[in-house]
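K.L.:
need a 3D model of the sequence below.
(6 chains)
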Number of protein chains: 6
Amino acid sequence: MAEAAFKLAVLKLGCIGAAPLLDLLLDERADREDLDTRAFTSGAKLDKDSCSGPTADCIAYGADLVLLVSPNAALPGPREARQALLDAGLTTIALGDGPSKKAFFKKNDEGKQVMNVADGLGFFILPTDPMIGARREFLDPTEMALFNADVIKVLAATGALRLVQQELDRVISEIKAGGEVSLPRLTVSAEKAVAAGGFSNPYAAAKALAALNIAENVAAVTSKGCFVEQDATRYIPLVAAGHEMLRSAARLADEARELEKANDAVLRTPHAADGTPRQKTALGTKPS
Amino acid sequence: MAEAAFKLAVLKLGCIGAAPLLDLLLDERADREDLDTRAFTSGAKLDKDSCSGPTADCIAYGADLVLLVSPNAALPGPREARQALLDAGLTTIALGDGPSKKAFFKKNDEGKQVMNVADGLGFFILPTDPMIGARREFLDPTEMALFNADVIKVLAATGALRLVQQELDRVISEIKAGGEVSLPRLTVSAEKAVAAGGFSNPYAAAKALAALNIAENVAAVTSKGCFVEQDATRYIPLVAAGHEMLRSAARLADEARELEKANDAVLRTPHAADGTPRQKTALGTKPS
Amino acid sequence: MAEAAFKLAVLKLGCIGAAPLLDLLLDERADREDLDTRAFTSGAKLDKDSCSGPTADCIAYGADLVLLVSPNAALPGPREARQALLDAGLTTIALGDGPSKKAFFKKNDEGKQVMNVADGLGFFILPTDPMIGARREFLDPTEMALFNADVIKVLAATGALRLVQQELDRVISEIKAGGEVSLPRLTVSAEKAVAAGGFSNPYAAAKALAALNIAENVAAVTSKGCFVEQDATRYIPLVAAGHEMLRSAARLADEARELEKANDAVLRTPHAADGTPRQKTALGTKPS
Amino acid sequence: MAEAAFKLAVLKLGCIGAAPLLDLLLDERADREDLDTRAFTSGAKLDKDSCSGPTADCIAYGADLVLLVSPNAALPGPREARQALLDAGLTTIALGDGPSKKAFFKKNDEGKQVMNVADGLGFFILPTDPMIGARREFLDPTEMALFNADVIKVLAATGALRLVQQELDRVISEIKAGGEVSLPRLTVSAEKAVAAGGFSNPYAAAKALAALNIAENVAAVTSKGCFVEQDATRYIPLVAAGHEMLRSAARLADEARELEKANDAVLRTPHAADGTPRQKTALGTKPS
Amino acid sequence: MAEAAFKLAVLKLGCIGAAPLLDLLLDERADREDLDTRAFTSGAKLDKDSCSGPTADCIAYGADLVLLVSPNAALPGPREARQALLDAGLTTIALGDGPSKKAFFKKNDEGKQVMNVADGLGFFILPTDPMIGARREFLDPTEMALFNADVIKVLAATGALRLVQQELDRVISEIKAGGEVSLPRLTVSAEKAVAAGGFSNPYAAAKALAALNIAENVAAVTSKGCFVEQDATRYIPLVAAGHEMLRSAARLADEARELEKANDAVLRTPHAADGTPRQKTALGTKPS
Amino acid sequence: MAEAAFKLAVLKLGCIGAAPLLDLLLDERADREDLDTRAFTSGAKLDKDSCSGPTADCIAYGADLVLLVSPNAALPGPREARQALLDAGLTTIALGDGPSKKAFFKKNDEGKQVMNVADGLGFFILPTDPMIGARREFLDPTEMALFNADVIKVLAATGALRLVQQELDRVISEIKAGGEVSLPRLTVSAEKAVAAGGFSNPYAAAKALAALNIAENVAAVTSKGCFVEQDATRYIPLVAAGHEMLRSAARLADEARELEKANDAVLRTPHAADGTPRQKTALGTKPS
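P.N.:
Residues are numbered from 1 along each chain as shown, chains lettered A, B, ... in the order given. Predicted coordinates:
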């Protein structure tokens, strides 16, 4: 790559908690001179028809790297979008929630899950980005927004988003360098997320780990509420409980960060204007 | 309009807190049969060059209604995008933060602010959607995400997002009906937001109003930190204080909602599958 | 049964959260004239040798009903104690945590779990009574006590203990009446517990349900920390995270009860002096 | 003592907050090879008849050391049990709440309280282990369990239980060594408890001290509610206030521990497998 | 009394928590046309010399009613001031903390405390207005202010200040009417304060009662820290614990008020412009 | 000055949050041998008639320094009092809230605000000491007291009161020394207050700064509620929101102090018995 800015495309099909801010994650102060970002979205829907338009726009953009974020990456909409991107020769990294695992793993002859991914494709699986409580008696635009705010808080304060950031920083840098590119193929487990969180206080790390575990467990409750129970007197409490669990997880994640504040040890990893990742802890210092 | 789905485009240039979830706000369960949504984004940047590409894609989509969301709508990037949309004959509603006011008002001969808006253009000004503390020593992707989570929580839990939702529901319904369309030209003041919040308990309403007032006041502190103070020992405390104010506002907004829960009086306004807005309070009931 | 008091024996082998207060649960004010309670305990241990002594004492007591509480009821210690009690002709109800399920269910020919319980034996399985984080670097007597305090808070405030109480009240009354006795064979799921919680506010019920789900999920984290990971740098964060999750669950359970207080709707189910269960909600009223 | 395990008996007559976990306190991970524990309980009652059975069983066990825990140790039930244990030649340590002081002190000729204890008897008085609000309109099994959870939290997090642990560790070690045994005769005042708490941060110590003082003051309020006021409109608020005070104390105790977590300075005193007491603070380290 | 405004004098000698706002309590919006208030203060000191000046000024003012507020009303300073006011023929009501009781009660021949008060003198004793932790290592102007803020919060939110207000409203009205005046001679116990609090929710009342009991118990801890312990390593933790107890009490008092807010049942007792006391609960209504 | 004590007068006309404790601020333990303090107050009122009496008394006292505290110092009452003090040759320092600025600044020919203060007059402007929500439907003595408690908490915990203390310590010392006296003419901005707060943790400082900014913004909301809106359905929510904002600010200020406690770094600035200001941080140490 020469002087031209790196072209990053984000293709969002449907919504998971990591999606809304993904196109902002690498240029948090909008001052990177080395990066152009474009996002293409199908709104909340992820059926095939809804996905084809933004996918076509995305391909037309001709990015150096495409992030494809969606729930359940095994569904036809995201799957065909993924294929189209690869067919167009675009380096692609998929981000998905827990159920997306099915898209990237299959059972081998011995019944073990093994990775099964096309060349040129990387992925992040975020099992801690749980399904929303999508029942009409419960979920309106307000509740939807609150749930996403809580997911964002959990993913950000614990380190899950930073792990994604760091891997993307690395990949972009490798692509820019023009050599071999090692695409991430990574399940962002609670443990790995907390490692990227860079906590100095071990109880802060434990609280972050706890928050992520709770968030991951939300999925079982909301899924049961959305898909298993058909009686409103049973599914309404479940979806409501799922959101209460997440609110609790967000509070724990906030507690973790407050502990780091108490020690003036909050890790920050801003980007320099030329895109290189910086790092700092003590609030009064410059990132280096 | 006939049987075809309504085409909604969301053009996001740069980021304000209301932006990340805007394309999801009208189809919160992804089950509306009457609505197709597409979003086009320039990432965090909003200079003219960054804005032109997504604007062109958006025009090509040919939407029935375009939402153009950006900070400071008076800047060249959003201004030219707005003009291009109007030139293309697209019905457009701009959403902006407090500084965006300059784009829609000007002083008349007597020095009074009067509205100054092109035909076919509506707007929402959200003064409670404050500027982020964009200093490299402070703002990294994690802090950026946490700030936006808090803004979303404030805007959602207090009623600000619902006011936007309700106006958009109305406009879409009017466009579908084919008659005259009355575009919103509205400053979403704290008071108007709380009215849309539909609180049953007056102290919940007071807390929501307090949260929005604090959020609105964040802007003065972060702006001073970003633009006025040039000494790091002075601007770091300011941007950090701005985020602490917002965290406090988010907590108050949460308190307001918890009070409504205590009375089983949380207002919910989900969309039916055909897009008609519904309403309910007691958790166990169906929306009607 | 004639005038003699009902003889209740509680045999505690090892410890789960429901155990410490079990012998007090049916005579909360120590004023029941119809009930004699005795508890026999092996302390923290539950190997066969440790269990035999208290079991023998318990049999010698000659109770009308024996509650046998232990973790993992499938282990040799509790299993032989259970057998000895049944051999002695004592009506016995076992209480155990999630892993105890193995003692009462087995796979049938089609591979489905079916109940497999001796006559004269009832059971409660409490999957929400999770394993403690039993690592020497983490667990000392203080941490052990705090964990149990949080488990008790979760089980009590959500309704799990009340469900046990109500079933025992029923069984004792049936035994006293001298007719047929229907022993409980019950997995105290989060949903069933919350139903016994008798919440009037649906958000209180949702918070209780959330608390129980979190508590249930603690087990996976502490088990991994105790049995799977062997590296202290990996298992210490896990057991600490498990306890943080539980602390969070206890806070949610407390929130649920506070919501009921806000509506003066806390359900109370005290025993009368003659042992009959009473019920009340408004704090100022008499139980009836 | 040779290779045989040390035999510890815990005789619980009625209930105070320190009782439920007392038999677990010295073997918190159930892995001590040097210790056998047995507990004998009369349930909630402590009249003479209820006490005689478990006392007899306890004597039959033939322990090296007996802990006799009860409220108000001056009542006939605990008093006769104590005498029987001493008559049987068993080394005995009584644990009691504030009113138990009467059993171990008497006024001398000058009207001063002086210790008055039989040889071979030690005691702990826990004035911070307050009476429960035992009124039928208020206290049901759920409220009883919640109160005990709060007492346990206060006693554990502040250091009161650790002081008991440390004294028992010392006594057991002295008995094992076969030399002279110095039995504890100790009022576990708030100050002494906090000293055993081993707080590194002085505000954590102050909060712990505050929590214990509040807990100690609960007794006056619940006693007034249980014994002085006979009008339900007067005693219900009192017993409810007593439990609110304790809930507040538990929160303060939790705050104290959270402060220690913030400094990674939580003192832990686990037992090794051979029973020797260990000690550590930084979470990542081994106890030594 | 004719048209002239009622002249109220407040003489403050030293400081208790009820003092700082006492002259504002009866004219909370500064719009009473019927009332003139003057306060005279000796600052923090209450020795005889410090008291004589403000007392003389107060007498010179010639009030219709004098409130004399001080700690320990039995000390020479307040005692002589009281006598001087009575000698001058001024109707006087003393307000004091717990130790002030000695000024108004004495033992009779049978050793019972009986009231012993001069004609023309009323009093309020506020045992819940505790002594501050007056040790130089701990108490600076900041800590002093924070302690008083917490005392004010406890006294106001629980009803203690309202009881004083209501009695003063009554006395002023009786003096204005010109008939017999019944002066208050009242120990503002926790129970009486909560009754004046007018709580609608019984748990709010219980929390208020708990807050007052904790506040009352602070005195024993701070007094011990100030007067009994002379070793800094012992008295510093005590005075710090006393302030932590009070902070906890203030939080409980706040919780009580929040519960009332949740039910829109906060009692308010504002004064009309003509001084008559009004009353209201629902926030949206007018006082009547 | 010789051996005679320094005579400090505090003249309070009406009420702001800084007023109630001002006469206690310099003698927090009532043990200064070098200082006599007297306060003179008009109660809540500040019209000219109400002010004249206490002003005359104050002048008669003949202080070495007078502090004149009032809201809106530009009103006739405080203005004439100020003039009378200066005419009497008394060194005077005024303390006022934000609107008081008008009394000490005027526009120069170029329209810029320039200081305009008489010789011998100093001032403090406290913009963070906001107007109360003085509407009869909302403000009763209880709510008034709670608001002032919250203001005191904010001003004390953040450093605003310490800045006043330090300036007064300096001025008194200069007057005592008999040389030139430099009177403070100071707007106590949030930034200056936090600097005096002496926070060691930068997040504590940020929280304190946030608390002060919120407090400062309360004024706009309560003023609008008191003076602009005349419809009760509009002004009641505003004054209630103002008090909720302040409650939130008080909580943030408390959080700031708790962070300093966590680091045992609370700055304390007590006075020695001879009046010299001391300083300390670690709780266990002596001030020096």
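
K.L.:
please tell me how far residue A:68 sits from residue A:51.
P.N.:
Going from residue A:68 to residue A:51 by Cβ to Cβ, to the nearest Å gives 10 Å. From N, CA and C alone the C-beta is placed, and that goes for glycine too.

K.L.:
touching both of those two, which residues are there?
P.N.:
Both residue A:68 and residue A:51 are contacted by A:13, A:78, A:81, under the criterion Cβ atoms under 8 Å, 6 or more residues apart in numbering or on different chains.

K.L.:
what secondary structure does residue A:99 sit in?
P.N.:
Judged by DSSP: H, G, I helix; E, B strand; the rest coil, the three-state class of residue A:99 is helix.

K.L.:
kindly report the same for residue A:19.
P.N.:
Classification of residue A:19 by three-state DSSP places it in coil.

K.L.:
what's the burial count for the closest residue in space to residue A:46 that isn't next to it in sequence?
P.N.:
Using Cβ to Cβ, 6 or more residues apart in numbering or on different chains and skipping the chain neighbours, the partner closest in space to residue A:46 is residue A:14 (3.4 Å). Using other Cβ atoms under 10 Å in any protein chain shown, residue A:14 has 24 neighbouring residues.

K.L.:
so how far is residue C:179 from residue A:14?
P.N.:
Separation of residue A:14 from residue C:179 (Cβ to Cβ): 59 Å.

K.L.:
and what of residue A:13?
P.N.:
Taking Cβ to Cβ, one finds residue A:13 at 63 Å from residue C:179.

K.L.:
which one of these two has more residues nearby?
P.N.:
Per other Cβ under 10 Å, whichever of residue A:13 and residue C:179 has more neighbours is residue A:13, with 31 against 8.

K.L.:
just give me the longest helix of chain A.
P.N.:
The longest helix of chain A (DSSP state H) is helix A:232-262.

K.L.:
what about that one, near chain D?
P.N.:
Yes. Against chain D, helix A:232-262 shows contacts by Cβ under 8 Å from any Cβ of the partner chain at A:259, A:262.

K.L.:
flag every buried residue along that helix.
P.N.:
For helix A:232-262, burial by neighbour count (16 or more other Cβ atoms under 10 Å in any protein chain shown) applies to A:235-262.

K.L.:
would you map the helices across chain A?
P.N.:
Secondary structure of chain A (DSSP H): helices located at A:48-61, A:76-87, A:101-104, A:141-158, A:160-177, A:190-197, A:202-223, A:232-262.

K.L.:
distance to residue F:129 added to the ones you listed, as TSV?
P.N.:
Shown next, in TSV, are the helices of chain A (distance: least, Cβ to Cβ, whole Å):
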stretch	distance to residue F:129
helix A:48-61	54
helix A:76-87	57
helix A:101-104	58
helix A:141-158	34
helix A:160-177	41
helix A:190-197	40
helix A:202-223	36
helix A:232-262	28
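
K.L.:
who's in contact with the residue nearest to residue A:241 when sequence neighbours are not counted?
P.N.:
Counting by Cβ to Cβ, 6+ apart, residue C:209 is the residue found nearest to residue A:241 once chain neighbours are left out, at 3.8 Å. Residue C:209 sits next to A:237-238, A:240-241, A:244, C:158, C:190-191, C:194 when contact means Cβ under 8 Å, 6+ apart.

K.L.:
what of residue A:148?
P.N.:
Residue A:148 neighbours (Cβ under 8 Å, 6+ apart): A:15, A:17, A:20, A:132, B:20-21, B:24, B:152.

K.L.:
do that again at 7 Å, thanks
P.N.:
A:17, A:20, B:21, B:152 (Cβ atoms under 7 Å, 6 or more residues apart in numbering or on different chains).

K.L.:
among those, which one sits closest to residue D:6?
P.N.:
Using Cβ to Cβ, residue A:17 comes nearest to residue D:6 of the contacts of residue A:148, at 54.4 Å.

K.L.:
quick one, what contacts the nearest residue to the closest one once chain neighbours are set aside?
P.N.:
Using Cβ to Cβ, 6+ apart and skipping residues adjacent in sequence, the residue nearest residue A:17 is residue A:151, 2.9 Å away. For residue A:151, the contacting residues are A:17, A:129, A:246, by Cβ under 7 Å, 6+ apart.

K.L.:
could you tell me what pLDDT the model assigned to the nearest residue to the last one once chain neighbours are set aside?
P.N.:
Of all residues beyond its chain neighbours, the one nearest residue A:246 is residue A:150 (4.7 Å), with distances taken as Cβ to Cβ, 6+ apart. The per-residue pLDDT reported for residue A:150 equals 98.

K.L.:
likewise for residue A:18?
P.N.:
With respect to pLDDT, residue A:18 scores 89.

K.L.:
ok, and of the shared contacts of residue A:68 and residue A:51, which contact chain E?
P.N.:
Here nothing survives when these are matched to chain E using Cβ under 7 Å from any Cβ of the partner chain.

K.L.:
chain F: which of these is nearest?
P.N.:
Nearest to chain F out of the shared contacts of residue A:68 and residue A:51 is residue A:13 (Cβ to the nearest Cβ; 38.8 Å).

K.L.:
neighbour count added to the contacts of residue A:148, as a markdown table?
P.N.:
Formatted as a markdown table, those follow (neighbours: other Cβ atoms under 10 Å in any protein chain shown):
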| residue | neighbour count |
| --- | --- |
| A:17 | 29 |
| A:20 | 29 |
| B:21 | 24 |
| B:152 | 28 |
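
K.L.:
what is the nearest of the residues you listed to residue C:125?
P.N.:
Distance to residue C:125 across these (Cβ to Cβ) is lowest for residue A:17, with 33.6 Å.

K.L.:
list the contacts of that closest one.
P.N.:
Contact partners of residue A:17, counting by Cβ under 7 Å, 6+ apart, are A:129, A:148, A:151-152, A:155.

K.L.:
flag every residue of chain A that's near chain C.
P.N.:
A:203, A:205-207, A:209-210, A:213-214, A:217, A:221, A:237, A:240-241, A:244-245, A:248, A:252.

K.L.:
residue A:54 and chain F: what is the separation?
P.N.:
Using Cβ to the nearest Cβ, to the nearest Å, residue A:54 is found at 40 Å from chain F.

K.L.:
so how far is the longest helix of chain A from its chain's centroid?
P.N.:
18 Å (Cα atoms, centre = their mean, to the nearest Å).

K.L.:
now the angle from it to helix A:190-197?
P.N.:
Going by axes from the mean of the first three to the mean of the last three Cα atoms, to 10 degrees, helix A:232-262 is angled at 30 degrees with respect to helix A:190-197.

K.L.:
counting neighbours, what do you get for the residue nearest to residue A:246?
P.N.:
Residue A:150 is flanked by 27 other residues according to other Cβ under 10 Å.

K.L.:
from the contacts of residue A:148, which is closest to residue E:62?
P.N.:
Checking those against residue E:62 by Cβ to Cβ gives residue B:152 as the nearest, at 62.6 Å.

K.L.:
who's in contact with that closest one?
P.N.:
Counting by Cβ under 7 Å, 6+ apart, residue B:152 touches A:145, A:148-149, B:17, B:21.

K.L.:
now the two most distant members of those residues.
P.N.:
So, these by Cβ to Cβ: farthest apart are A:148 and B:17, at 11.8 Å.

K.L.:
so what's the closest residue to chain F within the stretch 101-250 of chain A closest to, chain neighbours aside?
P.N.:
The stretch 101-250 of chain A approaches chain F most closely through residue A:201 (10.8 Å), counting by Cβ to the nearest Cβ. Leaving aside its sequence neighbours, residue A:201 sits nearest to residue A:259 (Cβ to Cβ, 6+ apart; 5.1 Å).
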